[in-house]
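1. Requesting a structural model of the entry that follows:
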Amino acid sequence: MTSQKSLTRVQPRHSDLGASVTYELTIHQRPTYLHIIVAGQNTRENVMHYMEDVIRECTTRHCGKVLIEERLEGTR
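-> Here you go, the predicted model:
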């Protein structure tokens with residue numbers, strides 16, 4: 001059985017560099033890992049904050065394996 005949870009961060013949160021942080025995470029719980037899809041702008045701030053969310057979800061779900069699918073727009 002798999003479950004899906006969608007987290008959207010579109011709040012006017014600002015990083016130390018003054019940039020806003022906006023992205024969407026979709027989380028699929030698989031039997032042995034989490035499949036996380038992240039969509040939004042490819043900015044340093046977004047990557048830092050979505051990784052914090054990924055770590056928090058892995059910790060909460062006691063899951064040490066994760067597949068991250070990035071659907072980020074912008075310069076790599």
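
2. so Ile68 makes contact with Val38?
-> Yes - using C-beta atoms under 8 Å, Ile68 is in contact with Val38, at 6.6 Å. Any C-beta I mention is one placed from the backbone N, CA and C, and that applies to glycine too.

3. Please report how far the residue most central in space within the chain lies from Glu24.
-> Nearest to the mean C-alpha position of the chain, by C-alpha atoms, centre = their mean, lies Tyr50 at 3.7 Å. With distances taken as C-beta to C-beta, to the nearest Å, Tyr50 is found 9 Å from Glu24.

4. And for Glu70?
-> Per C-beta to C-beta, Glu70 is found 12 Å from Glu24.

5. now swap in Glu57 and tell me
-> For Glu57, the distance to Glu24 equals 14 Å [C-beta to C-beta].

6. Lys65 too?
-> From Lys65 to Glu24 the distance is 22 Å (C-beta to C-beta).

7. Please compare these two by neighbour count and tell me which comes out ahead.
-> The residue with more neighbours, out of Lys65 and Glu24 and counting by other C-beta atoms under 10 Å, is Glu24; that gives 15 against 10.

8. So in terms of bridging, what pairs with the more buried one?
-> Thr8, Ala39 (DSSP bridges).

9. That one contacts Gly40, doesn't it?
-> Yes - Glu24 is within contact range of Gly40, at 6.1 Å (criterion: C-beta under 8 Å).

10. For Val47, pull up the helix or strand it's in.
-> Under the criterion of DSSP states H and E, Val47 resides in helix 44-60.

11. Tell me how far that helix lies from the chain's centre.
-> 5 Å (C-alpha atoms, centre = their mean, to the nearest Å).

12. for stretch 29-38, same thing?
-> 11 Å.

13. Equivalent analysis for stretch 22-40, please.
-> With C-alpha atoms, centre = their mean, you get 6 Å for stretch 22-40.
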